[in-house]
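**Student:** quick one, structure for this:
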Amino acid sequence: MPPRVISTSLDLATDPDTSGQEALFEKVAAEFAAPLARLARAHEADAHLQQDLLQEIHMALWRSLAAFGERCSLRTWVYRVAHNVAATHVLRNRRRQAHRLTTLDEIDLAGETPDVDA
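**Tutor:** Coordinates of the predicted model:
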């Protein structure tokens with residue numbers, strides 16, 4: 001099945017009063033809600049982090065729609081923005097986990113109790 005192309009108008013995305021951008025964003029949010037949610041689930045296992053990622057994707061889409069110049073289909077644009085945000089999100093979380101300090105409560109001493117008499 002060929003990819004569905006959503007017709008847009010360049011003046012919608014570049015309207016200075018942003019009402020056109022709002023209309024285009026609402027269209028994107030409605031059309032791509034399920035695929036974007038699937039993308040978030042594929043990149044993030046934790047439900048709360050999935051919601052954070054989905055929110056980051058929507059924010060990036062909102063900011064990027066003003067630059068959408070119909071050089072590609074809207075579908076391609078949405079998926080590219082979403083992929084870039086998801087990749088950045090995953091890398092940022094990996095770095096955060098790598099630099100996370102371990103608390104004393106998390107250290108397991110294998111059931112050994114310190115010998116205070118020695």
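**Student:** hey, which helix is longest across the chain?
**Tutor:** Determined from DSSP state H, the single longest helix within the chain is helix 74-98.
**Student:** quick one: distance of it to the chain centre.
**Tutor:** With CA atoms, centre = their mean, to the nearest Å as the basis, helix 74-98 stands 6 Å off its chain's centre.
**Student:** ok, stretch 67-86 next?
**Tutor:** For stretch 67-86, the distance to the chain centre is 13 Å (CA atoms, centre = their mean).
**Student:** picking up where we left off before, quick one: mean pLDDT for the longest helix of the chain?
**Tutor:** Mean pLDDT, helix 74-98: 91.
**Student:** what residues of that helix count as buried?
**Tutor:** 74-75, 77-79, 81-82, 85-86, 89, 93 (16 or more other CB atoms under 10 Å). Backbone N, C-alpha and C define where each C-beta goes, glycine included.
**Student:** likewise for stretch 36-52?
**Tutor:** 36, 39-40, 43-44, 50.
**Student:** next one: stretch 62-71
**Tutor:** Under 16+ other CB under 10 Å, the buried positions of stretch 62-71 are 62, 64-65, 68.
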